[in-house]
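Colleague: Below are the sequence and a predicted model for it; my questions follow.
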Amino acid sequence: MERKSGDLLFGLLIGGLAGVVAGILFAPKSGKETREDLAKGAEALLAKAKEEYDRAVEASRRTYEETVRGIRESELAERVEEMEQKIKEVSKDSAGRFKRALEAGVSAYKETGSDEGKG
């Protein structure tokens, strides 16, 4: 985007200068009038160049912000996926531990209950 804006700005400057030179060469005016016209032309050209520069800066700023926002959103999405995976793994592990503990408790209860019945 910056390259295109720079090319446009350069084109405006060259075109403006060419117009000024052509105006000087073909205008049947006095030196004072020609200088005034040159000053007005230069001011207008400078104003246009500043306008284009401001537009290019604003477009660059928007592009930068959108890019940064996109990067942050994609990084956030990746982190959320990683966390989801970790939660699934921890849940499976916890469920397995709980099941083993429950089975051990039931087994111990059965052994204790069967030992009490024998005695």
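Modeller: Perfect, thanks for sending it. None of these values were measured; they are calculated from a predicted model.
Colleague: how about residue 86, secondary structure?
Modeller: Recorded secondary structure, residue 86: helix (DSSP: H, G, I helix; E, B strand; the rest coil).
Colleague: Any idea how many residues pack against it?
Modeller: 10 (other CB atoms under 10 Å). Heads up, the C-betas are built off the backbone N, CA and C, glycines and all.
Colleague: Could you check how far it is from residue 77?
Modeller: Note on residue 86: its distance to residue 77, by CB to CB, to the nearest Å, is 15 Å.
Colleague: what's the answer for residue 85, then?
Modeller: The value you get for residue 85 to residue 77, if CB to CB is used, is 13 Å.
Colleague: Mind listing what's buried along stretch 52-60?
Modeller: 52, 56 (16 or more other CB atoms under 10 Å).
Colleague: and it, how far from the chain's centre?
Modeller: On the basis of CA atoms, centre = their mean, to the nearest Å, stretch 52-60 sits 17 Å off its chain's mean C-alpha point.
Colleague: what does stretch 41-57 give?
Modeller: That offset, for stretch 41-57, works out to 27 Å (CA atoms, centre = their mean).
Colleague: swap in stretch 95-105?
Modeller: Per CA atoms, centre = their mean, the centroid offset for stretch 95-105 relative to its chain is 48 Å.
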